[in-house]
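Visitor: Dropping the sequence and predicted coords here.
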Amino acid sequence: MPEKSGDEIKRCIGKFGYTPEHNYAYFSTAADNGARNIFLKSDEGFGIFANYREKAGEVVMISEALAPREKQVSVLKDALDTCFSQLKIRKFVVEQDDALRAATLKSFEGNGYAALQPRFSLYWPVFNMERWHGDDMAGDDWKKLRNIRNRFYGEHSVEMVDSRTVGREKLKKIVNEWVERRKLMSLGANRRDSNFAYDERYLKMIDIGFEGTKLATTMVVDGEPCSITCGWEIPNSDNAYYSAMGICNYAFEGLGEIANLDDLHRLKEKGYGLVDFGGSPMPLLKFKLKFRPHFVYVTHTYAIVKK
């Protein structure tokens, strides 16, 4: 069980981790809807985070393997052999960028595996904080957000606090209200958009007191806690940060924009170089583009089956 191998997994992250989701606390919260976490360790000491969904007969890999880029395909092949033989699964689901997907598909020639069409794609906006000017928002490019900011702070009393100082039930209320409002707005209804709430893991993150995060911030508007933003430093990166959670209860117009602007402004003040704003379906990407990221990369989630 992964929880019995925590120290070993953390050492593996420290040595080989490099993606935004290579974070032990995140892995510990990532089993949703009855799935259970498994850690697939290779003979070379590399590893894979995954969820085992026994009823569905599939293993879902979380991010890329904890291994050098050039070892990704071989580590995945070992995991496929293990899971299809020992767990008797029907599908092994991965998330990869274009280059890694192409290398994986090429490796399937003659080895008994085949890839299905992607279930969905996610778009990951990244900010270069040296070039990001959303802190001063000067010029016409920032006019709309500048107006939203000025109006919001003019109409409300706003305080930013450490989320750890807010009662857990109040934080969970934010999550629950966020889920309900998303339903009313029909977000997450289309599987192809992959706009899932993943609220279970957010509630678990609250329960463990935001363990593994570097920053966790809640916006209190007119005395009401309304948002949660949190994240962590990406391992073995050049001062890069992953903004892993960014939710609000939609209680006030402009709340989402202000919470995200505060997150980015805070991260720039902390001196981070790159900030990854997380995988987004297209509708959410359009919202995140308001904050003017410098580039966007794409990942594809698809299933691998035995021929």
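Guide: It's in.
Visitor: Next one: the residue with the largest distance to the centre of the chain from L171, what distance?
Guide: Centroid-distance maximum for the chain: G110 at 34.0 Å, with Cα atoms, centre = their mean. Distance, G110 to L171, using Cβ to Cβ, to the nearest Å: 51 Å. In this view, the C-beta of every residue, glycine as well, is placed from N, C-alpha and C.
Visitor: now swap in G134 and tell me
Guide: Relative to L171, G134 is positioned 26 Å away (Cβ to Cβ).
Visitor: so where do the helices sit in the stretch 201-307 of the chain?
Guide: In the stretch 201-307 of the chain, the helices defined using DSSP state H, counting those that start in this stretch lie at 255-269, 282-288.
Visitor: before we move on, the earlier item: run through the residues that contact the residue farthest from the centre of the chain.
Guide: Contacts for G110 (Cβ atoms under 8 Å, 6 or more residues apart in numbering) come out as none.
Visitor: Could you do L274 as well?
Guide: 126-129, 237-241.
Visitor: which is the next helix or strand following the helix or strand where D78 lies?
Guide: Here D78 is covered by helix 72-82, with elements defined by DSSP states H and E. Once helix 72-82 ends, the next helix or strand along the chain (criterion: DSSP H and E) is strand 91-97.
Visitor: what about dumping the CA coordinates of the longest strand along the chain to CSV?
Guide: The longest strand of the chain (DSSP state E) is strand 295-306. Taking Å, rounded to 0.1, in the frame of the first residue of the first chain, the C-alpha atoms of strand 295-306 are listed here in CSV:
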residue,chain,number,x,y,z
PHE,A,295,2.4,29.6,-23.4
VAL,A,296,0.0,26.7,-23.3
TYR,A,297,1.0,23.0,-23.6
VAL,A,298,-1.5,20.1,-24.2
THR,A,299,-1.9,16.6,-22.7
HIS,A,300,-4.1,13.8,-24.0
THR,A,301,-5.8,11.2,-21.8
TYR,A,302,-6.3,7.8,-23.5
ALA,A,303,-6.6,4.1,-22.7
ILE,A,304,-4.2,1.4,-23.6
VAL,A,305,-5.5,-2.1,-24.2
LYS,A,306,-4.1,-5.5,-25.0
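Visitor: now the angle between strand 91-97 and it, please.
Guide: Angle, strand 295-306 to strand 91-97, by axes from the mean of the first three to the mean of the last three Cα atoms, to 10 degrees: 160 degrees.
Visitor: re the thing from before, of the contacts of L274, buried ones?
Guide: Buried members of the contacts of L274, counted by 16 or more other Cβ atoms under 10 Å: 126-127, 129, 237, 240-241.
Visitor: Same list (those residues) but as JSON lines, adding pLDDT.
Guide: Output for the buried ones among the contacts of L274, formatted as JSON lines (pLDDT from 0 to 100):
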{"residue": "V126", "pLDDT": "98"}
{"residue": "F127", "pLDDT": "98"}
{"residue": "M129", "pLDDT": "98"}
{"residue": "S237", "pLDDT": "97"}
{"residue": "A240", "pLDDT": "98"}
{"residue": "Y241", "pLDDT": "98"}
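Visitor: looking at it, F39 is touching I48, isn't it?
Guide: Yes: judged on Cβ atoms under 8 Å, F39 makes contact with I48 at a distance of 7.2 Å.
Visitor: Compute the distance between the nearest residue to G34 once chain neighbours are set aside and E44, please.
Guide: Distances taken as Cβ to Cβ, 6 or more residues apart in numbering place K55 nearest to G34, at 6.9 Å, with adjacent residues excluded. Distance, K55 to E44, by Cβ to Cβ: 32 Å.
Visitor: Strands of the stretch 101-250 of the chain, residue ranges please.
Guide: 113-115, 120-128, 158-162, 215-221, 224-225, 227-233, 240-248 (DSSP state E, counting those that start in this stretch).
Visitor: Dump those to TSV, plus distance to L145.
Guide: Listed next are the strands of the stretch 101-250 of the chain as TSV, based on distance: least, Cβ to Cβ, whole Å:
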stretch	distance to L145
strand 113-115	41
strand 120-128	14
strand 158-162	16
strand 215-221	16
strand 224-225	23
strand 227-233	16
strand 240-248	16
